[in-house]
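**Q** Provided below are the primary sequence and the corresponding predicted coordinates.
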Amino acid sequence: MGAFLARRLLVALLTLLLASLVVFAVLEVLPGDPARLMLGMNASPEALAALREQMGLEQPLLTRYLAWTSGLLSFDLGRSYTYSVPVSALVLERLSVSLPLALASLTLSTLIAIPVGIFAASRRGATGDTLSMGLAQVGVAIPNFWFALLLVYLFAVWLRWVPAGGFPGWGAGVWPAMKALILPTLALALPQAAILARVTRAALIDALDQDYIRTARAKGVSRSSVLWRHALRNAMIPVATIMGLQFAFLLAGTVVVENVFYLPGLGRLIFQAITQRDLIVVESVVMLLVASVILINLLVDLSYALIDPRQRVA
Amino acid sequence: MSASALARLELNRSLTIGFAITSIMLATALLSFLWTPYDVTKLVVADRTQAPSLAHLFGTDHLGRDILSMVMVGARNSIAVALVAVGIGAGLGVPLGLWAAAKGGWVDEVIARGSDLVFAFPALLSAIMITAILGPGAVNAIIAIGIFNIPVFARVARAGALSIWPREFILAARAAGKGLARISLEHVLPNIFSLILVQLSIQFALAILAEAALSYLGLGAQPPLPSWGRMLFDAQTRMAVAPWMAIFPGTAIALTVLGLNLLGDGLNDALDPRRRRA
Amino acid sequence: MRKWKLGLGVAMLALSVSMPAFAARTDLVLGVILEPPHLDPTAGAAAAIDEIVYANVFEGLTRIGENGDVLPDLAERWTISDDGKVYTFKLRTGVKFHDGTSFDADDVKFSLDRARAPDSTNAQKGLFAEIDTVNVVDPATVKITLKEPQGAFLYNLGWGDAVIVAPESAATNKEKPIGTGPFRFDSWARGSSIKLVKSPDYWGEPVALERAEFRIVPDAAAAVPAILSGDIQAYPFFPSDGVSQIEGDSRFKVVVGSTEGETILAMNNRKPPFDKLKVRQAIAYAIDRQSVIDGASSGLGTPIGSHFAPHNPAYLDLTGVYPHDPEKARALIKEAGAEGLKLTIKLPPTQYARLGGEIIASELREVGLDPELVPIEWAEWLSQVFTDKNFDATIVSHTEPNDIDIYARKDYYFGYDNPAFDQIIADLNTENDEAKRKELYGEAQKILAQDVPAAYLFELPKVGVWDAKLEGLWQNAPIQANDLTKVRWTD
């Protein structure tokens, strides 16, 4: 287990290093001058030069890469060009929206998907299976931004149960903050639940088809006992993989839904930073996300190793 | 494809429905090359936001274009972007996966880590970054979506190939002195073909959704070419007054994805050897 | 049961009696489309900064009113020397910054010297270019000497870039703005909202609002439900695209006013074939202003035929110089040998540009040109179009007030060069007689209308949407600001 862990860690670190090179190189070729954007059409050349100097844009490439990465290593993410506050402060602020939202969506989608998946798998081919999986198919097919918009018109404009968007911050009280996250959570969770339900069903059916399950059944173990005690445990591996991927997606891939609800989340932070050429924010936050995905993958791998020791060799 | 698989193909409901929907969408896209009710590049601002009528079956948009025509041309655009993007993904990913499985060792390791690296980037945000560099447009949307499809196919092909390599007929081929590349091509690929076909249909559906999201953000195909995602973007400020602007392209996206997913499911059921036993 | 009902009745009676005692609402949530990068109006070009702090947090010597008039602000009154070069400002006394430090002539000198210093990052440094010296006469008097007389000097001092800041807080104004205005900065949740609260020791007429929150609602699709659901009670710069859903709802007012934004299809006059008058004329004839206005501004823009705001007293209606005439356009294109000409139209990320671009492209195709639309971000627009002049045509709204002189600037992005026009602008700079100035402005407008260095489309409307019970928000937008000093709830 120790050697396995060491090897996986080394690989993860290498991947991080490569990712940092990719991110830095990509942003170097991004057209547009952040200083020019900040000062606008009437800016004098001297004012521009002064600002570029202040922002450290005049330094050579390698110096800037090293300054950035050594900063990252000491948890200094740099200072936003546009907001002129530390990037870490921005990230923390955005995480207070994105993290609860991602966790809530993942929890909700799991709570819906796993029972539905088990239900469908246990009634394979029956009406209940067809109906729930048909619904899941539709759920996967509807673009989530579209679904989000429908939710806004129904629950905020028409019924007025919840705000149409925005986030008051946790300082405004737990309930108002949670209320603002209800619709975004639904909009994110339901399509994810549809995917997860399908994966759960497929994985369970797969497990139920395995020879040792057949053997167990032949030995007289009851159908439900087989399902709950043996098959489910095996089915958890693909389900955990998908959940890991979904969590990573929910943390940052939700730009479009964040836009519909004008939520100050991580995804929109990066999206804005790209359009405003706030390079340091894009670099640091993307790296942070990459690092968290790698960490999640590492944890998922470790959990495999715990669920099924044979995986350690692979 | 064995006779029993063919027999199952006919009986499979998912496959039938999925195939029907997909064919209709493809036919619509092809028809749009020859004929559309109106010219989508010509704006008649005076006729803007008209409700569906006999003259305009799906109504008109905020610049007076015929929505039926736009949905038809949009189908062409969506399908073309998704097809080429997935083609790139499979075209590069499958050989990489086969190579990794055949060689093993450091080649396998490098390809696996490369896939991890790509997967570690948030896909949509990276696509946004790519289009920010290359400029928005259908071709760059294809590149952005294509890149993230490569590791998917590499993984599927590798996993499939690994399960084939220990089989006896491969051992026989090796004993006969065939090279790794030839074995991969002649013996491994045909045996994982159904696996890849299923993945193709899944990725195709995902690519349609990704294209819709990108063009919704203004990063996909550019005017005068209509795209479903941008039609939804234009519709959303007029949800209450011109719902038809939103309903038709939204339904087109959902229907296409649904059709492809059903097709994928149906193929999976029909082609998966394990299912045949059941 | 009866008792309970009685109790309820009494309670309701008490409630209705005490109703008048409830004062009108004193809080307001406003929507803004763009989040400012920071809150120091003297260190950035973003209009989003002024939309929050102008007149609310920061004040200048003068200020601009709702209709573009120059009003006294921190300077109570002033005198101008006969040669037009020396301005003597009498300052208000008893004014305090929000951190408790008091305002006096030293702050004025500090602010203006800081703005025009060599290392200044003021985005409108040009406003202060004519200032020779700033002298403190006494704590309540400042004397500013100009190098040359400047007709617009008092107006220039009213810009957000010329507000007065204190030396104690200037360095931190970006994150924590300290001004002299009726509201002080409370908090900023980045990406979400900025809150202001009433300043207790404001020198002027007290404001009615106790607190104001600017909420960032980045796109039109979100702005419509935000207003309809009551989350936001005012959206002063509303995306005109969403207006159709709010019109006709009696809970809201849709207020259409004027801006200083001349929306134009600028052409690259230094680049063939756009250096040919015939090609530019053909493009002007090809465009149907009304369809552009209907499609790109929900029919709310005012057509213009030159680079001048219709609400300006010196405005001439020149929209008839090149009426919509596709036949003539085709003929001119043939004469100029420009059939099938490929041209790229670069579109910044605004609704008027993106929608206007689609319409204009369709109209240009109609007359035999081959336009390609290239949507770009502002950062790219500034570097590709404005700085590198790498474009054929672009759609943009020039929102600076009275900026017809940009056509006389050497090396400006559209590359217009006409000595006769330059002479008129030079004359305008030294002419002080109102009637003569008006005449010169008329001449300048006519030259541009004939020469069409850009196709003139429409004056950008200012569309404001707010709760019907709210009053005091600006109808017009001579500058991009949300002056809350007169805003109050009427019930």
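**A** On my side now, so go ahead. Numbers count the residues shown, from 1 in each chain, chains lettered A, B, ... in the order given.
**Q** for the rest of this, base every contact and every neighbour count on C-alpha atoms.
**A** Will do.
**Q** and the longest helix for chain B?
**A** Scanning chain B for the longest helix, with DSSP state H as the assignment, gives helix B:67-103.
**Q** quickly check: it near chain A or not.
**A** No. Judged by C-alpha under 8 Å from any C-alpha of the partner chain, helix B:67-103 makes no contact with chain A; its nearest approach is 13.0 Å.
**Q** over to stretch C:226-242?
**A** Yes. Shown here: stretch C:226-242 in contact with chain A (C-alpha under 8 Å from any C-alpha) through C:226, C:228-229, C:231.
**Q** get me the contact residues on chain A for chain B.
**A** Checking chain A against chain B by C-alpha under 8 Å from any C-alpha, the hits are A:11, A:15, A:18-19, A:29-31, A:137-138, A:140-143, A:145-146, A:149, A:248-249, A:252-253, A:255-256, A:267, A:270-271, A:274-275, A:286, A:289-291, A:293-294.
**Q** what does chain B put close to chain A?
**A** With C-alpha under 8 Å from any C-alpha as the criterion, chain B meets chain A at residues B:113, B:116-117, B:120-125, B:128-129, B:132-133, B:209, B:212-213, B:217, B:232, B:236, B:250, B:253-258, B:261-262.
**Q** buried ones among the residues you listed?
**A** Neighbour-count burial (16 or more other C-alpha atoms under 10 Å in any protein chain shown) applied to these gives B:113, B:116-117, B:120-125, B:128-129, B:132-133, B:209, B:212-213, B:217, B:232, B:236, B:250, B:253-258, B:261-262.
**Q** quick one: mean pLDDT for the helix or strand where C:Ala353 lies?
**A** Taking DSSP states H and E as the criterion, C:Ala353 maps to helix C:351-366. Regarding helix C:351-366, the rounded mean pLDDT is 94.
**Q** that one packs against which elements?
**A** On a contact count with 3 or more C-alpha pairs under 8 Å, 6 or more residues apart in numbering or on different chains; DSSP states H and E, helix C:351-366 meets helix C:277-286, helix C:289-296, strand C:342-347, strand C:370-375, strand C:393-398.
**Q** got the buried residues for stretch A:46-62?
**A** A:47-52, A:55.
**Q** likewise stretch B:160-172?
**A** If you call a residue buried by 16+ other C-alpha under 10 Å, then stretch B:160-172 has these buried ones: B:160-162, B:164-165, B:170.
**Q** pick the one among the residues you listed closest to chain C.
**A** In terms of C-alpha to the nearest C-alpha, no member of those lies closer to chain C than B:Gly160, at 43.2 Å.
**Q** let me see the backbone angles for the closest residue to that closest one other than its chain neighbours.
**A** Sequence neighbours aside, B:Ile192 is the residue nearest to B:Gly160 in space, at 5.8 Å (criterion: C-alpha to C-alpha, 6 or more residues apart in numbering or on different chains). Note on B:Ile192: its backbone torsions stand at phi -110, psi 10 [degrees, to the nearest 10].
**Q** check the offset of stretch A:284-292 from the chain's centre.
**A** In terms of C-alpha atoms, centre = their mean, to the nearest Å, the gap separating the centre of stretch A:284-292 from the centre of its chain is 11 Å.
**Q** got it, and stretch A:240-259?
**A** In terms of C-alpha atoms, centre = their mean, the centre of stretch A:240-259 is set 3 Å apart from its chain centre.
**Q** how about that stretch, does it get close to chain C?
**A** Yes. Stretch A:240-259 is in contact with chain C by C-alpha under 8 Å from any C-alpha, via A:Asn259.
**Q** and that stretch, average pLDDT?
**A** Mean pLDDT, computed over stretch A:240-259, is 80.
**Q** do the same with stretch A:36-51
**A** Averaged over stretch A:36-51, pLDDT sits at 76.
**Q** residues contacting it, please?
**A** A:35, A:82, A:276, C:43-46, C:118-126, C:378-379, C:382-383, C:386 (C-alpha atoms under 8 Å, 6 or more residues apart in numbering or on different chains).
**Q** with stretch B:118-137 instead?
**A** A:29-31, A:248-249, A:252-253, A:255, A:267, A:270-271, A:274-275, A:286, A:289-291, A:293-294, B:140-141, B:144-145, B:148, B:151, B:210, B:214, B:218-222, C:375-376.
**Q** just to revisit the earlier point, now pLDDT too, for the buried residues of stretch B:160-172, in a markdown table please.
**A** Listed next are the buried residues of stretch B:160-172 as a markdown table, based on pLDDT from 0 to 100:
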| residue | pLDDT |
| --- | --- |
| B:Gly160 | 89 |
| B:Ala161 | 92 |
| B:Leu162 | 90 |
| B:Ile164 | 88 |
| B:Trp165 | 89 |
| B:Ile170 | 88 |
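**Q** show me the shaky parts of chain C.
**A** Within chain C, the stretches with pLDDT under 70 are C:1-23.
**Q** which parts of it sit against chain B?
**A** Selection of chain C residues close to chain B by C-alpha under 8 Å from any C-alpha yields C:220-221, C:224, C:241-242, C:244-245, C:291, C:294-295, C:358-359, C:362, C:373-376.
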